[in-house]
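Colleague: fold the following for me, if possible:
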Amino acid sequence: MARATFAELLLERAGDDHAGLRFEDESYTWAETVRAAGARARMLRELCSGPGDRPPHVGVLLENVPEYVFWLGGAALAGATLVGVNPTRRGAELAADIRHTDCDLIVTDSAHAPLLDGHYTGPTLRVDDAAYPAALPDGDPAPVDVAPGDRLLLLFTSGSTGRPKAVICSQGRLADIARRSAMMGLGRGSVTYCAMPLFHGNAIMANVAMAAHAGATVALRRRFSASGFLDDVRRFGVTYFNYVGRALAYVLATPERPDDADNPLEAAFGTEASAQDMARFAERFGCRIIEGYGSSEGAISLRKTPDTPPDALGVPQDGLEVAILDPDTGAECPRARFGPDGALLNADEAIGEIVGLRAAAAFEGYYNDPDADAERVRDGAYWSGDLGYRDAGGFFYFAGRGADRLRVDSENFAAAPVERILSRWAPVVMCAVYPVPDPRTGDQVMAALELDGRPFDPGAFAAFLAAQPDLGTKWAPRFVRVVRSMPLTATGKVDKRPLRRAHWETGDPVWWRPGRDLVYRPLDHARAAALRAEFAAHGRAHVLTAL
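Modeller: Numbers count the residues shown, from 1 in each chain. Predicted structure coming up:
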């Protein structure tokens, strides 16, 4: 009998002595994992309650450690809501996330607690405090009365307005997702590797929840490490892992070993890897790559079929209707036409927004954000905010996230918070932040700056960025374009469309950051040509032409 809630699904494991969770030198059976979740459920009930009839909201500010999984289970069994707090956020932005989601309690540790200093004064629990284990009550896995529609998760994403949006995931939706474990080939003997951050929906939905349903073993990694990937796979006997964006590319960048394919891997599921990276990874490590398109919102899902072109996202899941619509008129965009070299010939008319028709009911909404809900839902359709196009065969392609949304290194964020920071730099008169394509997957940050007449000083700019406490870890611009005057719309707003179309191919001075360090150098013609070649090598030249 299918379990209607994630809490019920967990209770199915309450007497299961099969290995449920492994982390470094620690190991927990599923029975021990559920008992630990029950203890935290009781602690949560004793410590706090939401105002009125609202269940308590517990924010978790941790790396991928067993305590994160225990508190996920604890929230489910307590009928509470877990808020995935993003530790890459900083300062006032982090505090705004916590306030917006009405966190009644923050669970953290000594490494992350300093991020809250001066920004959050509510109750906290430090799981590495010496007194914490003794304060835990005896584990009682019995849940309170929970229903499928009860809110279980709030997972942050970003929108075009720049305000964080917390996606709602109910007990029932997570249980439904968990039951898809068989589609991923997961069974009781599977070992799933969870190195993507648990504050992100991909890790919970495409790994931990499915493993719980299958009775598989979850191998946790604090945070993703490309160099440690294969060693972990062999150490834990990993058969399946989830990924987002550049994770495959990072692993492929590690030195090849003659015995790379000598591993237990069977399959991986993720999003946004390039066709070249998927093929190279499958060949090098001997596993099947299952690529899809979806989001934490859950309203649109595209899957690759055997005949899907390498660069395409695929086709809708059975029962879903998806279209490419003009965001201004709502009309369906013409199908894409391609030249002999694969270049998109009619980008201006073919590119529109990816929309799920009659899919609004599958979207459970954003927490306390009716304006953001209205942005997504119109006349029963779900507007993804993502740009795409569709070919004559019905296959969908991704074309970007719009001028105000960026996805860098698997992290979603909006342009507005970055623009607010850059505007603090004294020489800046006006600035615009927008995504430009990454040669492998996702986006890179580009900023256009209109200065007050002073020449651009790359050293001073880097020093300014380094001094900003609320600059997210992936927000520093990769490219900086210095414009004489910012392009404006008729209403005086910055027009990012020409900036994004030109990317770094412009007559204006462009500076770039070659590596992770805040060191900016002029982008000359030779380097620009090398960048174009890099896109071609990874089969993504079409992304530049689609701009």
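
Colleague: which parts of the stretch 51-200 of the chain are helices?
Modeller: Secondary structure of the stretch 51-200 of the chain (DSSP state H, counting those that start in this stretch): helices located at 66-78, 91-100, 132-135, 171-178.

Colleague: is it possible to get JSON lines of those that adds mean pLDDT and distance to Arg126?
Modeller: (Each C-beta comes from the backbone N, C-alpha and C, glycine too.) Conversion of the helices of the stretch 51-200 of the chain to JSON lines gives the following (pLDDT from 0 to 100; distance: least, CB to CB, whole Å):
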{"stretch": "helix 66-78", "mean pLDDT": "97", "distance to Arg126": "10"}
{"stretch": "helix 91-100", "mean pLDDT": "91", "distance to Arg126": "16"}
{"stretch": "helix 132-135", "mean pLDDT": "95", "distance to Arg126": "7"}
{"stretch": "helix 171-178", "mean pLDDT": "96", "distance to Arg126": "27"}
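
Colleague: and the ones you listed: which comes nearest Thr545?
Modeller: Closest to Thr545 of the helices of the stretch 51-200 of the chain is helix 91-100 (CB to CB; 34.7 Å).

Colleague: who's in contact with Ala113?
Modeller: By CB atoms under 8 Å, 6 or more residues apart in numbering, the contact list for Ala113 reads 61, 124, 126.

Colleague: so Val251 lies in a strand, does it not?
Modeller: No: read with DSSP: H, G, I helix; E, B strand; the rest coil, Val251 is helix and lies in no strand.

Colleague: give me whichever of the helices of the stretch 51-200 of the chain is most buried.
Modeller: Compared across the helices of the stretch 51-200 of the chain, helix 66-78 shows the largest average neighbour count, a mean of 27 (mean count of other CB atoms under 10 Å).

Colleague: elements contacting that one?
Modeller: When contacts are defined as 3 or more CB pairs under 8 Å, 6 or more residues apart in numbering; DSSP states H and E, helix 66-78 sits against helix 6-11, strand 19-23, helix 30-47, strand 57-60, strand 81-84, strand 217-220.

Colleague: my read: Ala350 touches Leu344, true?
Modeller: Yes: using CB atoms under 8 Å, Ala350 is in contact with Leu344, at 6.8 Å.

Colleague: where do the strands sit along the stretch 251-400 of the chain?
Modeller: With strands called from DSSP state E, counting those that start in this stretch, the stretch 251-400 of the chain shows them at 267-271, 288-293, 302-303, 315-316, 321-325, 352-357, 377-378, 381-390, 396-400.

Colleague: and the last one, what other elements does it pack with?
Modeller: This means strand 396-400. Right, strand 396-400 is packed against strand 381-390, helix 541-546 by 3+ CB pairs under 8 Å, 6+ apart.

Colleague: rank these by mean pLDDT and give me the bottom one.
Modeller: Among the helices and strands packed on strand 396-400, helix 541-546 has the lowest mean pLDDT, at a mean of 78.

Colleague: if we can go back for a sec, which one of the helices and strands packed on helix 66-78 is the most hemmed in?
Modeller: strand 81-84 (a mean of 28).

Colleague: helix/strand/coil for the residue in the chain sticking out farthest from the centre?
Modeller: For the chain, the residue at maximal distance from the C-alpha centroid (CA atoms, centre = their mean) is Gly453, at 38.8 Å. With three-state DSSP as the basis, Gly453 sits in coil.

Colleague: quick revisit: need the helices and strands packed on strand 396-400 in TSV with mean neighbour count and distance to Ala533, can you?
Modeller: Below are the helices and strands packed on strand 396-400 laid out as TSV (neighbours: other CB atoms under 10 Å; distance: least, CB to CB, whole Å):
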stretch	mean neighbour count	distance to Ala533
strand 381-390	22	25
helix 541-546	19	9
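
Colleague: need the helices of the stretch 51-200 of the chain in a markdown table with distance to Ala502, can you?
Modeller: As requested, the helices of the stretch 51-200 of the chain are exported to a markdown table (distance: least, CB to CB, whole Å):
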| stretch | distance to Ala502 |
| --- | --- |
| helix 66-78 | 43 |
| helix 91-100 | 29 |
| helix 132-135 | 54 |
| helix 171-178 | 41 |
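
Colleague: between these, which gets nearest to Asp443?
Modeller: That would be helix 91-100 among the helices of the stretch 51-200 of the chain, by CB to CB, at 18.9 Å.
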